[in-house]
Every structure is written in structure tokens, then in C-alpha cells.
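Asker: Here's my sequence, what's the structure:
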Amino acid sequence: MDMSALVAQYGLFAVFAGTLLEGEAVLALAGYAAHRGYLDFAPVVAVAWVGGVAGDQFYFWLGRRHGRRLLARRPALAARLARATGLIERHPTAAILAMRFLWGLRTALPVAAGMSRVAGGRFVVLNLVSAALWAPLVAGLGWLFGAAMARVLGTLEQVEIALLGLVLAIAFFLAWRRAR
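Answerer: Got it, this is the predicted structure:
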């Protein structure tokens with residue numbers, strides 16, 4: 001099975017799984033794959049929207065239900081959550097709408113929102129809106145990257161292999177860093 005068949009068969013699953021966490025790289029690659037014709041752009045955006053909303057709702061629930069115990073078990077997380085909590089307390093609507101675009105706080109902000117006084121219903125609505133802005137924007141950037149690369153290089157087979165290698169290296173590095 002070649003790479004294009006793998007992407008076509010498992011690409012949307014990968015988008016969903018990736019967007020449950022911090023999925024910018026996966027979503028941008030899915031936008032690129034849509035440009036190449038391996039995936040359809042609209043389903044990529046829809047699946048990313050659902051995955052992003054579900055992931056952040058889970059983190060909100062985690063903060064609401066287990067936030068204090070989580071901080072007690074993982075003191076290294078306390079600094080990131082303190083920064084995120086400060087943003088949530090000062091500007092709750094703006095922070096929740098922008099949470100997907102604030103790299104480094106992407107996971108901490110929904111947890112902090114869950115630990116704050118932000119109402120669950122308000123978080124849901126803002127989370128839905130934020131994901132509706134984020135999914136087409138990031139996938140669109142991947143699409144535009146593919147279009148630019150096609151113009152510059154003509155054929156993209158070597159670039160696809162290099163991008164796959166880069167993604168795997170980044171994923172390995174992030175998994176290694178989280179494990180530490």
C-alpha cells in the first residue's frame with residue numbers, strides 16, 4: 001500500500017486523533033493532503049472541528065473535576081496553569097476564543113478554564129466558535145503550503161517523503177519530551 005492510499009484510508013482518523021490533543025501539525029498536513037487530492041477539504045475541517053471541541057471539552061472537564069489533584073500530582077504543570085489561569089481570570093471570553101492559537105497554553109487553558117468560575121455552558125459555546133475558526137484556518141494554511149510547494153517544485157513526491165519524515169521526527173521528539 002503506498003502513502004497516498006494510507007492517507008486516504010486513515011487520514012481522517014489521524015486528524016481526529018491528532019486534534020484531540022494539540023493538532024496543528026496534523027491538521028496542517030491534512031490540509032496539504034487535501035490539496036494533493038488524498039483527502040477532501042470539507043471533511044478534514046469537520047473532523048478537526050469535532051476533535052478539537054471534544055479534546056478541549058475533556059480538558060475542561062478534567063480541570064473542573066480533578067484540577068486540584070492534578071496540580072498536586074504534577075507540580076511542573078502548576079506554572080503553565082498559573083499563567084493560563086491569569087489569562088482566564090482577566091479575559092475569559094478572549095482567552096477561550098484564542099486558546100487554540102496560543103501555543104504552549106493549548107492544553108493548559110481548557111484545564112484552567114475548568115478550574116475557574118467560567119460556566120460550563122459558556123465554555124461550550126466559546127469552544128465551538130473557537131474550533132470553527134481554527135479548523136479551516138489551519139487546514140487552509142496546509143492547503144496553501146501545498147499549493148506554494150507545487151508551484152515551486154512542480155512534483156511533490158520527494159517533498160512528501162521529507163514531510164512525512166519530519167512529522168515522524170517531531171512526533172517522536174514530542175512523545176519523548178512528554179515521557180520525560
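Asker: Give me the distance between the residue positioned nearest the centre of the chain and Asp2.
Answerer: Nearest to the geometric centre of the chain sits Gly23, at 2.6 Å (CA atoms, centre = their mean). Gly23 is 24 Å from Asp2, where distance means CB to CB, to the nearest Å. Where you see a C-beta, it was placed from the backbone N, CA and C, and this is true even at glycine.
Asker: what's the answer for Val26, then?
Answerer: 20 Å.
Asker: Restricting to C-alpha, output stretch 109-126 in CSV.
Answerer: The C-alpha trace of stretch 109-126 is given here as CSV (Å, rounded to 0.1, in the frame of the first residue of the first chain):
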residue,chain,number,x,y,z
LEU,A,109,-6.2,26.9,29.0
PRO,A,110,-9.1,24.5,28.9
VAL,A,111,-7.9,22.9,32.2
ALA,A,112,-7.6,26.3,33.8
ALA,A,113,-11.0,27.3,32.5
GLY,A,114,-12.4,24.2,34.1
MET,A,115,-10.7,25.2,37.4
SER,A,116,-12.1,28.7,37.1
ARG,A,117,-15.5,30.1,37.6
VAL,A,118,-16.3,30.1,33.9
ALA,A,119,-19.7,28.4,33.4
GLY,A,120,-19.7,25.1,31.5
GLY,A,121,-22.3,26.3,29.0
ARG,A,122,-20.3,29.5,28.2
PHE,A,123,-17.2,27.4,27.7
VAL,A,124,-19.0,25.0,25.3
VAL,A,125,-20.3,27.9,23.1
LEU,A,126,-16.9,29.6,23.0
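Asker: what comes up buried for that stretch?
Answerer: The neighbour-count check on stretch 109-126 (16 or more other CB atoms under 10 Å) flags 109-116, 118, 123, 126 as buried.
Asker: Where does the prediction get shaky in this protein?
Answerer: 1, 153-161, 179-180 (pLDDT under 70).
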